[in-house]
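Novice: show me how the following folds:
(one chain, ligands or ions: 1)
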Amino acid sequence: MVDFVLMDNVVKYSSCQIAIIGTGIVGIATAYYLAKHHKVTDIVLIDRSQPMSFTSAQSGENYRNWWPHPTMVAFTNRSIDLLEDIANKSDNLINMNRRGYSLVTRNTNIDEIVKQLHLGLGDSADDLIRYHTSGASPQYHPPVDPDWESAPSGVDILKHQDLIRRTFPSYAQDIQTVIHIRRGGDISGQQLGAHMLETLRETELIRITGSVEGIEQSNGFHISIKGADGLQRIQAEKIINAAGPFAGNIAKMLDVDLPIYNTFQQKIAFEDHAKAIPRDMPFSIDLDGQNIDWADDDRALLLKEPKLRWLAKAMPGSIHCRPDGGDKGKWVKLGWAYNEAPATATWEPPLDDYFPDIVLRGAARLNPKLKDYYGQLPRTMHHYGGWYSMTDENWPLIGPMGPEGAFMNCAQSGFGTMAACASGELCAAWVAGAQLPSYSHAFSLARKDDAALMQTLRESARGVL
Ligand SMILES: Cc1cc2nc3c(=O)[nH]c(=O)nc-3n(C[C@H](O)[C@H](O)[C@H](O)COP(=O)(O)OP(=O)(O)OC[C@H]3O[C@@H](n4cnc5c(N)ncnc54)[C@H](O)[C@@H]3O)c2cc1C
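Specialist: From the prediction side, this is the model:
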């Protein structure tokens, strides 16, 4: 039970069984599965700000089970199973939909991608991958309906331009191949977090708003929290580090050096009054690298400026675009996670003023009608961003953090929304000392000692969003 004292109308709790630092989707999901699967509710959730207000508020909210490694496929499949369970039981409060991920290229030779699909899907790959090589393919189900329950599974590979043009009329005419991952779509991450917190409201869980300034370990953990009413200390038998981009700082308070770093990523969203993007277009990723479509004089100016020259040169692929707000909505979202430079995380987002123009011109290569917005993006355009907190191999870190009783659920990179349920479930099982799923070892710090696995992961991490 939570032991607390009341002072000046401020509830001060002095001890608890488990303290979770971070009330983003990862911390919330961990508390949710501790309560749901292990009946552990003597939990204090600590955050310097409101729940779901930092990285989790910046998420593109997309999900998919496409990964070049079977462990990540199993992990995200489990997370999607759990999301479906929540969608089912809540009358789809989380707005889950499923039009898949459409990976698009101008290449006809896609051997490398097919190899990655086989690596991820293992023995079931031959059953799950379907090729469509003619203009009319009755076996292919176009993504007309957003309903997740009736959507097919597996992967459709479209290799005929007539079929591609008919299904995806907004795409550029030079597209040769579409790899359509079917178990993918988007959810409302905010609704997911709110639903989990609402469920926890019926328990004794406590939320504290304040910044964790220090942690000492002696007979449990003593956490110093700076809040609006000054400094308070709570004692916890166990702690869980779910501090997102600041997980490294929290670990350092216990002299643990986590192998994680942060990169800043941006997106824009705007009202698509020109109807450039069909409402039934799946989340679409242009796999091909490109030179951005600058006007000749702009390109010449960029080339003259040492700090901006890179923008006039070859850019990587993986620019992405999708309609936002459902079939009746009008907004679109564009993103391009090209920034690989590690940086110290800041609370204020270091937005780059050039980004909206960069991502718009990049995205117009796949959806040429976006050119209507060159030089005239709507004033209401929303430009935002957040930190991908990640490991070199781009897998999360979930499990014991080192000191007895200290756990972590972090390094969720660009997949923390889709993976939140499986991450929360896994971390809760570690903390409760319950039976662990097969992938638990691979997501713990112990994987760092497995040289062969680490080498495979570093190679497969490249090129994945
Ligand atoms: C631009 C962008 C697009 C993305 N798109 C997708 C997507 O399409 N699909 C997907 O699955 N994922 C996506 N992600 C990734 C996903 O958003 C993150 O992985 C996820 O939100 C991480 O959640 P978190 O709870 O770990 O971190 P956060 O949401 O950052 O939560 C951590 C919390 O810890 C708190 N905290 C930190 N330090 C302290 C301290 N000292 N004291 C008190 N509180 C502290 C912070 O205030 C914060 O609220 C995207 C991320 C970005 C940046």
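Novice: list the contacts for the residue of the stretch 1-150 of the chain found nearest the ligand?
Specialist: Closest to the ligand within the stretch 1-150 of the chain is Gly24: 2.2 Å, counting by CB to the nearest ligand atom. Yep, even glycine has a C-beta here, placed from its N, CA and C like the rest. When contacts are counted by CB atoms under 8 Å, 6 or more residues apart in numbering, Gly24 touches 47, 51-52, 54-56, 193, 242, 244, 416.
Novice: residues near the closest residue in space to Ala31 that isn't next to it in sequence, how many?
Specialist: Leaving aside its sequence neighbours, Ala31 sits nearest to Ile43 (CB to CB, 6 or more residues apart in numbering; 5.3 Å). By the criterion of other CB atoms under 10 Å, Ile43 has 26 neighbours.
Novice: in strands, which of the contacts of Gly24 fall?
Specialist: Using DSSP state E, the members of the contacts of Gly24 that fall within strands are Asp47.
Novice: make TSV out of the contacts of Gly24 and add distance to the ligand.
Specialist: Below are the contacts of Gly24 laid out as TSV (distance: CB to the nearest ligand atom, whole Å):
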residue	distance to the ligand
Asp47	4
Pro51	7
Met52	7
Phe54	4
Thr55	3
Ser56	3
Gly193	9
Ala242	6
Gly244	3
Gly416	2
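Novice: can you name the residues bridging to the residue nearest to Gln58 when sequence neighbours are not counted?
Specialist: Nearest-residue entry for Gln58: Gly386, 3.3 Å, with adjacent residues in sequence omitted and distances by CB to CB, 6+ apart. Counting by DSSP bridges, Gly386 forms beta bridges with Gln265.
Novice: distance of the residue nearest to Asp327 when sequence neighbours are not counted from Ile157?
Specialist: Spatially, and ignoring its direct neighbours in sequence, Asp327 is nearest to Arg279 (4.8 Å; CB to CB, 6+ apart). Distance, Arg279 to Ile157, by CB to CB, to the nearest Å: 24 Å.
Novice: and what of Asp123?
Specialist: Distance from Asp123 to Ile157, by CB to CB: 19 Å.
Novice: when these two are compared, which one has more neighbours?
Specialist: Higher neighbour count among Asp123 and Ile157: Ile157, with 19 against 8, using other CB under 10 Å.
Novice: helices of the stretch 251-400 of the chain, start to end?
Specialist: Under the criterion DSSP state H, counting those that start in this stretch, the stretch 251-400 of the chain carries helices at the ranges 296-304, 355-363.
Novice: what angle separates the first one from helix 355-363?
Specialist: Computed by axes from the mean of the first three to the mean of the last three CA atoms, to 10 degrees, the angle separating helix 296-304 from helix 355-363 equals 120 degrees.
Novice: ok, residues contacting helix 296-304?
Specialist: 294, 308-309, 311-312.
Novice: now the helices for the stretch 101-250 of the chain?
Specialist: Under DSSP H, counting those that start in this stretch, the stretch 101-250 of the chain gives helices at 111-121, 125-128, 161-167, 189-201, 247-252.
Novice: can I get those helices in a markdown table with mean pLDDT and mean neighbour count?
Specialist: Formatted as a markdown table, the helices of the stretch 101-250 of the chain follow (pLDDT from 0 to 100; neighbours: other CB atoms under 10 Å):
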| stretch | mean pLDDT | mean neighbour count |
| --- | --- | --- |
| helix 111-121 | 94 | 17 |
| helix 125-128 | 96 | 13 |
| helix 161-167 | 97 | 17 |
| helix 189-201 | 96 | 19 |
| helix 247-252 | 98 | 20 |
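Novice: which among those is found nearest to Lys371?
Specialist: Among those, the nearest to Lys371 by CB to CB is helix 161-167 (18.6 Å).
Novice: what helices or strands is the closest one leaning on?
Specialist: Helices and strands touching helix 161-167, by 3 or more CB pairs under 8 Å, 6 or more residues apart in numbering; DSSP states H and E, are strand 177-181.
Novice: list the neighbouring strands of the strand it packs on plus their orientation.
Specialist: Partners of strand 177-181, by DSSP bridges, with direction: strand 101-105 (antiparallel), strand 155-158 (antiparallel).
Novice: got the confidence number for the residue nearest to Ala31?
Specialist: With respect to pLDDT, Ile43 scores 96.
Novice: the stretch 1-150 of the chain against the ligand: which residues are in contact?
Specialist: For the stretch 1-150 of the chain, the residues in contact with the ligand (CB under 6 Å from any ligand atom) are 21-27, 46-49, 53-56, 58-63.
Novice: buried subset of the contacts of Gly24?
Specialist: The neighbour-count criterion (16 or more other CB atoms under 10 Å) marks 47, 51-52, 54-56, 193, 242, 244, 416 among the contacts of Gly24 as buried.
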